[in-house]
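K.L.:
Provide a 3D model corresponding to the input given below.
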Amino acid sequence: MEIGFRTAALAVAALVLSACNFHATLPTSDPALNAEAEAFYGDMIAARDDAVVARMTSENDAAEVKAQLPMLRGMIGDAATPEPKLVQSRKTTGSQGETYELEQDYVYADRTVRVYSAMMREKGEWKLHAFNINVRMTGEPKAVEAEKAA
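P.N.:
The predicted structure follows:
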């Protein structure tokens with residue numbers, strides 16, 4: 001009888017402790033948040049730096065973000081922005097709040113740009129918490145093509 005009581009007590013304690021650090025991840029896609037990530041990318045490409053910063057959480061340093069944007073634009077190039085392809089997304093709910101993460105590919109003629117966006121709620125509004133851009137060359141850059149043609 002004592003062993004059964006201990007087991008039950010440990011099970012209850014485990015449940016109580018696990019509730020303190022709740023975490024659930026769901027593979028889901030939210031079209032409105034996907035569109036928000038696309039708008040962020042569009043603002044970044046179009047050099048609307050103030051709009052980029054406005055889409056981000058307050059814990060991001062505006063000057064630091066703005067200082068990095070020209071370098072990112074240089075990696076991406078100046079070709080017309082293609083429609084993104086959603087690679088993956090997930091929404092996480094936990095004791096720290098809700099987050100939404102997604103990866104989108106923008107396929108250009110000579111490169112594929114993968115954009116990772118992590119959003120979280122700040123004062124009831126979804127804001128971009130972090131982003132990462134990876135550029136994979138799939139052909140020769142236009143400058144090299146132009147040199148070869150000359």
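
K.L.:
my read: Trp126 touches Ala35, true?
P.N.:
No - the pair Trp126 and Ala35 does not pass the contact test of Cβ atoms under 8 Å, sitting 10.9 Å apart. The way it works is simple: take the backbone N, C-alpha and C, and place the C-beta from them, glycine included.

K.L.:
in the chain, which spans are strands?
P.N.:
Along the chain, counting by DSSP state E, strands occupy 23-26, 85-94, 97-107, 111-122, 125-137.

K.L.:
which one of the ones you listed has the poorest average confidence?
P.N.:
In terms of average pLDDT, strand 23-26 trails the rest of the strands of the chain, at a mean of 56.

K.L.:
residues in contact with the closest residue to Tyr106 other than its chain neighbours?
P.N.:
Of all residues not flanking Tyr106 in the chain, Val113 sits nearest, at 4.4 Å (Cβ to Cβ, 6 or more residues apart in numbering). Neighbour list for Val113: 75-76, 105-106, 133-136 [criterion: Cβ atoms under 8 Å, 6 or more residues apart in numbering].

K.L.:
kindly report the same for Ala118.
P.N.:
Listed by Cβ under 8 Å, 6+ apart, the contact set of Ala118 reads 99-101, 128-131.

K.L.:
and of the strands of the chain, who's closest to Ala67?
P.N.:
Comparing those by their distance to Ala67 (Cβ to Cβ), the top pick is strand 125-137, with 14.8 Å.

K.L.:
angle of the closest one against strand 97-107?
P.N.:
Orientation check (axes from the mean of the first three to the mean of the last three Cα atoms, to 10 degrees): strand 125-137 against strand 97-107 gives 30 degrees.

K.L.:
in terms of secondary structure, what does strand 125-137 contact?
P.N.:
Under the contact criterion of 3 or more Cβ pairs under 8 Å, 6 or more residues apart in numbering; DSSP states H and E, strand 125-137 touches helix 31-45, helix 62-76, strand 111-122.

K.L.:
let me have the ones you listed in TSV, extended by distance to Thr92.
P.N.:
Below are the helices and strands packed on strand 125-137 laid out as TSV (distance: least, Cβ to Cβ, whole Å):
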stretch	distance to Thr92
helix 31-45	13
helix 62-76	23
strand 111-122	9
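
K.L.:
if we can go back for a sec, got TSV for the strands of the chain, with distance to Leu69 too?
P.N.:
Output for the strands of the chain, formatted as TSV (distance: least, Cβ to Cβ, whole Å):
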stretch	distance to Leu69
strand 23-26	30
strand 85-94	23
strand 97-107	16
strand 111-122	13
strand 125-137	10
